[in-house]
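>>> Just need the structure, nothing else, for what follows:
(2 chains)
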Amino acid sequence: MAAKINRRAVLRGIAGVTVALPWLECMIPARGRAQTFPTRYAILFAGQALGTDNYAQNSSRIGGQNVTEGGHFIADTSYGRGYALTTPLMPLQGMENDLSMVSNLAIPFNASSSDGSAVPTGGAYRDFHGGGSSPLLSGTRSTSASFTCNGITSDQVIADLNDGQTTFKSLVFRSQPSFYVSGYSFSGRQYISYGAGGGNGARIEAQASPQVAYRSLFQGFVPDDDDDAARFDFEMRSRRSVLDLVLEKRAKLVNNVGRADEERLERHFDEIRELENRIGALPPVTSGQCFVPPDPGADPSIGGDHDGGGTGSVTPGSGYSDEHTRSRIFADLIHMAFVCDLTRSASLQITVFQSHMNARPIADGLGTLPGTFRPARWASVGGDLHEVGHNGDPNNRGQIPSSGLLGWHISHYAYLIDKLRNTPEGGGSVLDNSAIVFTPEAGHGLQLNDASSQNQTHSVENMVILVAGRAGGLNPGAHIDGSRQHPVRVLVRAMQAAGYNGNSLGDVSGTIDL
Amino acid sequence: MDPILAVESGARRLSQAELDNTLRDLLGEDTAPASRLLNEDEFRPFDNDYTIQQASDALITSLEAMAEEVAARAVGDADRRAALVPCSPTDPGDAQCFREFLNSLLPRALRRSVTTEDVDSYMPFLDFATEDNPAVENDFYTAVKLAVSATIQDPEFLYRIEHGTPGSTPGLLELDGYEIASRMSYLLWTTMPDDTLFAAAEAGTLTTPEGRHAEATRMLEDPRARLQLHRFHAMWLGYRSIPHTAELVDAFNRETSALIDRVILDEPGSYLRLFTMDETFVDDALADHYGLPRPTGGEGWVSYEGTGRAGILGHGSLLAAFSKFEDTSPTQRGILVRTRLMCEDVPRPPPEVDVDQPPQGAMNAVCKYDRYAEHRDQSSSCAGCHSLTDPIGFGLENYDNAGRYREYDDGLPECIIEGKGEIVGVGEFSSPAELSQLLVDNEYVDACAVRQFMTFAWGRPPTTYEAELLTEMTDSFRGDAHDFKAFMLAFIASDRFARRAQERL
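Numbering: from 1, shown residues only, chains lettered A, B, ... in the order given. Below you'll find the model as predicted:
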């Protein structure tokens, strides 16, 4: 069902609902008011590096044969406009002028001391996976391997900026629903969004169920049919009535317990209150492009565990929950939420930090899964994503396997960009009013942990960030030399494009011009 | 508050497993909706550590989706609807029947007795049943559905919120019968109390040690108690999701479950037999897998005689746990023994060490023992910590990550495995059987089992403040000939089980 929201339907939905006046102004035909559109910000995250251990950027082993060949490392192209589409960028074919790539970025670290107190401003604690998160996503130095961001993340800065303007302050999604390593848990690897101040109390739990995310976003729309609308009204009143009953218990429960329990329960009730407020707030409408997308149905089933290793241990059926489909659905939802102005901030963690998702279904699907590309030299890659970085498959290692899988992550980014740029808004497209960031977890170069090995996957050197869109004067279409500047300077520029007035994030000030 | 008298407790949100089981027992829901729709629980190593639970928007929206889905199914099926509503409504607005339904559902869902005021608050749902609205097909069960949905989203259902009433000792709170019933059922069954346990709560017998002892004894005879003991051991000992084929995992689970059942429930006696048992439960295929004689009758107990195996450390389940790099990891196995069986802390590796890389050793040594040479080099910084772990793991190296005996490294006949191990500072061993004996003789596993069980029971790691209590409990466990069933019953019968203290902040 693709129920278009029109003025008549929305007005009918007003009965019994408080509607803020500014929302009504949105219904006035565009020519009657200034042509301003909301600016949106999204960050997509890939839990992998840009290359693998001990293989130079032009070096690979495919099907047991060593290959020396350029064009596979993501930034293996000249700077400026007209940059070449390397292997991981292939899904972005035709979108070269819609995004910029900033390469040669680096997070600082202390090569002479691995002590937590010795980490420089905006720098990384010298334990790669857990130490890299905070500086990369919040610009705040990490002092342990805990994965915790010590400051607010870029998406939440934009969310705070738009607080109260949209039904959803932000969308925080995760495609990989399970950690997959036998006997272990995510333990912090599943967070890329943190609210003000950072720390464990400020981490934002991602919605990992596409089915629930869909329902949460789009069941608030008033259907464009009298009977459907009456049924909708009944359902909304029922939902509110149920939540009201629960909320009425708040005082009685909370006043009756100790301080620690009070905090736990207050937080729970606060979230229910938020949910109820959203039911009351009808989604505003900004363009005729806004409609309820098709129901994605039940979630793909969740895959089992493996031992977190290479080809032999990551067996078929383990470590994969159809992250491909899950990512596509989340991209669909972010797209339509942006189009309908349900939110202006989104984060999508495609794979988690140190992801142990089974690489084989992806490797085998490249070129067959829609929107993906199979590199000319390619063979099925075994092991999990993390072990691919460490060359867990003896016959398929090095740059090409890594780039092929990075290309899969980028295919979701390309899918979202393509949808946004094909959605008209004013005289242009929704992408013209957006800043969409893609960042992998790692670069490729000097190892962070030992500060001596070269060509390593556990590296915060040679990092790359992609920024698509034309919001806030972004001028996409170039490959830019980051000159070893902090990657957060790219984020700050993208945040400014989305309306942020500051010039820093965490410890990091300044921008790289895009 | 002296922890010997009362232990701190906080509001615990039901884990995915607890929620799925509770919805099954309360509403007949058998689709494990919590596992499908809620985010994965963190295991530390148990799935119920309430100190890391944090409500979130993702949780609340998923809970609403889950509640609506489950409620719709509960009234959509004629049999389930009949089980849920104990009367036949005379009309859509039959208030008496609706009250009857609420009086049947609410005490079980909220796990307490309910007041008229509680029931009254649900009555407005009847308006949705009686509303004259041609657009919807509403009836009496519309209101039932909403009540079920509200109940599932009720924090009193989702959390175990304990209050208690002040007793004679300041700071000490005495739990009521229902709070005790919930403690017992979630500890022993991973689910809500059954009717008999609720009746005991109502009758007041659970506030007496004898009453709790009697009920717990009954509950331990229920198959759910077995499943819970299997779950507890699998989380504790790290084999809850080992990476082998479904058939092999199933066979391992049957083997290990049979041992747990036997030493705790079927032949109560020393729990130490979990580690020292001289026979194991296998079918023909698993016997062949291990190279043991086949059991008579296709499945049964076979002797470990002539092997280096004993107890659970001889099982494929445990030998598969903590494997790494497609092989056993002597370091990880050492960590398993130190942290899970000796309850010691093993320091994190220094950041310079890349634990994602298998050790290479000098000149890229071929044999595994040589590849771990640097870990042993006293002049390197590695030896300090690796001496805690690796010598333990190397004593188990003759057993691969599927529990099969091997004489040399996989595929490398030149790399003969010596299989000599040592718990530095404790003693030497050269097989799972000898390791187990060492852990038993030096009184590690009994003390550690108590600490692990209490971590699970309390839903959080014990505090240093509670160390004295753990020592006392371990002493009684030892004094009672290590009878784990008796230990659990004594714990539940103890005054402490029926009390709590407010959390200190």
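>>> When you work out contacts or count neighbours from here on, use the C-alpha atoms and nothing else.
Fine.
>>> Was I right to think A:Glu205 contacts A:Val172?
Yes: at 7.4 Å, A:Glu205 and A:Val172 qualify as touching, with contact defined as Cα atoms under 8 Å.
>>> shared neighbours of these two, which are they?
Residues within reach of A:Glu205 and of A:Val172 at once, by Cα atoms under 8 Å, 6 or more residues apart in numbering or on different chains, are A:Ser193.
>>> so where do the strands sit in the stretch 201-350 of chain A?
For the stretch 201-350 of chain A, strands defined by DSSP state E, counting those that start in this stretch occupy the ranges A:345-349.
>>> show me where pLDDT drops low in it?
The model of the stretch 201-350 of chain A has pLDDT under 70 over residues A:282-287, A:313.
>>> Might you name the residue of it sitting closest to chain B?
A:His306 (4.4 Å; Cα to the nearest Cα).
>>> Can you name the residues bridging to that residue?
A:Val181 (DSSP bridges).
>>> I'd guessed it sits against A:Phe179; true?
No: if you go by Cα under 8 Å, A:His306 and A:Phe179 don't touch, sitting 9.8 Å apart.
>>> overlap in contacts of these two?
Taking Cα under 8 Å, 6+ apart as the criterion, A:His306 and A:Phe179 both touch A:Gly319.
>>> between A:Glu205 and A:Val172, who's got more neighbours?
A:Val172 (27 against 21; other Cα atoms under 10 Å in any protein chain shown).
>>> pretty sure A:Pro91 is in a helix, no?
Yes: checked against DSSP: H, G, I helix; E, B strand; the rest coil, A:Pro91 lies within a helix.
>>> mind listing the helices for the stretch 301-450 of chain B?
B:316-320, B:330-336, B:368-371, B:373-376, B:383-394, B:432-441, B:445-458 (DSSP state H, counting those that start in this stretch).
>>> in the stretch 51-200 of chain A, what residue is nearest chain B?
Per Cα to the nearest Cα, A:Asp127 is where the stretch 51-200 of chain A lies closest to chain B, at 4.6 Å.
>>> count of residues packed around the nearest residue to A:Asp384 once chain neighbours are set aside?
Leaving aside its chain neighbours, A:Asp384 sits nearest to A:Asn358 (4.2 Å; criterion: Cα to Cα, 6 or more residues apart in numbering or on different chains). Using other Cα under 10 Å, A:Asn358 has 33 other residues around it.
>>> and the gap between A:Asn358 and A:Gly398?
Going from A:Asn358 to A:Gly398 by Cα to Cα, to the nearest Å gives 17 Å.
>>> Ok, B:Glu397 next?
31 Å.
>>> swap in A:Ile362?
Taken as Cα to Cα, the span from A:Ile362 to A:Gly398 is 17 Å.
>>> Show me which residues of the stretch 1-150 of chain B sit near chain A.
Residues of the stretch 1-150 of chain B lying close to chain A by Cα under 8 Å from any Cα of the partner chain are B:10-11, B:36-43, B:54-62, B:65, B:121-122, B:125, B:128, B:135-136, B:146-147, B:149-150.
>>> Can you flag which of these belong to helices?
With DSSP state H as the criterion, helices contain B:36-37, B:57-62, B:65, B:128, B:146-147, B:149-150 from among these.
>>> ok, back up a step: who has more neighbours, B:Glu397 and A:Gly398?
More neighbours surround B:Glu397 than the other of B:Glu397 and A:Gly398, with 30 against 27 (other Cα under 10 Å).
>>> so who does the more buried one touch?
Here B:Glu397 is in contact with B:328, B:330, B:417, B:419 (Cα under 8 Å, 6+ apart).
>>> any weak-confidence spans in chain B?
B:1, B:3, B:325, B:356, B:360-363, B:505.
>>> Quick check, A:Arg344 in contact with A:Arg40.
Yes: A:Arg344 is in contact with A:Arg40 according to Cα under 8 Å; the separation is 4.4 Å.
>>> Give the residues shared as contacts by the two.
Listed as contacting both A:Arg344 and A:Arg40 by Cα under 8 Å, 6+ apart are A:Phe338.
>>> List the residues that contact residue 271.
All of this is about chain A. Per Cα under 8 Å, 6+ apart, neighbours of A:Glu271: B:55-57, B:60.
>>> was after chain B, sorry
B:263-264, B:482-484.
>>> Recalculate using a threshold of 10 Å.
B:260, B:262-265, B:277, B:445-446, B:449, B:477, B:481-485, B:487 (Cα atoms under 10 Å, 6 or more residues apart in numbering or on different chains).
>>> Identify, from the residues you listed, the entry nearest to chain A.
B:Ala449 (18.3 Å).
>>> Spell out which helix or strand contains A:Arg489, please.
Following DSSP states H and E, the helix or strand that holds A:Arg489 is helix A:488-497.
>>> C-terminal to that helix, what's the next element?
strand A:504-505.
>>> And the next helix or strand past that following strand?
strand A:508-509.
>>> Using CSV, list the CA coordinates for whatever helix or strand B:Ala83 lives in.
Taking DSSP H and E as the definition, B:Ala83 sits inside helix B:78-84. Provided in CSV are the C-alpha atoms of helix B:78-84 (Å, rounded to 0.1, in the frame of the first residue of the first chain):
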residue,chain,number,x,y,z
ALA,B,78,-10.0,-19.8,19.6
ASP,B,79,-8.2,-22.2,22.0
ARG,B,80,-5.9,-19.5,23.3
ARG,B,81,-8.7,-17.1,23.7
ALA,B,82,-10.7,-19.6,25.7
ALA,B,83,-7.7,-20.3,27.9
LEU,B,84,-7.2,-16.5,28.5
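>>> Tell me which residues touch the residue nearest to the spatial centre of chain B, please.
Nearest to the mean C-alpha position of chain B, by Cα atoms, centre = their mean, lies B:Phe232 at 3.2 Å. B:Phe232 makes contacts with B:45-47, B:187-188, B:226, B:238, B:240, B:452-453, B:456-457, as judged by Cα under 10 Å, 6+ apart.
>>> the inter-axis angle of the helix or strand containing it versus helix B:445-458?
Following DSSP H and E, one finds B:Phe232 within helix B:223-236. Orientation check (axes from the mean of the first three to the mean of the last three Cα atoms, to 10 degrees): helix B:223-236 against helix B:445-458 gives 110 degrees.
>>> got the CA positions of helix B:223-236 in CSV?
Extracted C-alpha coordinates of helix B:223-236, given in CSV (Å, rounded to 0.1, in the frame of the first residue of the first chain):
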residue,chain,number,x,y,z
PRO,B,223,11.9,-30.4,33.4
ARG,B,224,12.2,-26.6,33.4
ALA,B,225,14.7,-26.9,36.3
ARG,B,226,16.8,-29.1,34.2
LEU,B,227,16.8,-26.7,31.3
GLN,B,228,17.7,-23.9,33.5
LEU,B,229,20.7,-25.8,35.0
HIS,B,230,21.8,-26.6,31.5
ARG,B,231,21.6,-22.9,30.6
PHE,B,232,23.4,-21.8,33.7
HIS,B,233,26.3,-24.2,33.0
ALA,B,234,26.5,-23.4,29.3
MET,B,235,26.8,-19.6,30.0
TRP,B,236,29.1,-20.1,32.9
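>>> Would you pull up how far it lies from the middle of the chain?
Here helix B:223-236 is found 6 Å from its chain centre; the criterion is Cα atoms, centre = their mean, to the nearest Å.
>>> B:Ser35 touches B:Leu63, doesn't it?
No: checked against Cα atoms under 10 Å, the pair B:Ser35 and B:Leu63 is beyond contact range at 11.4 Å.
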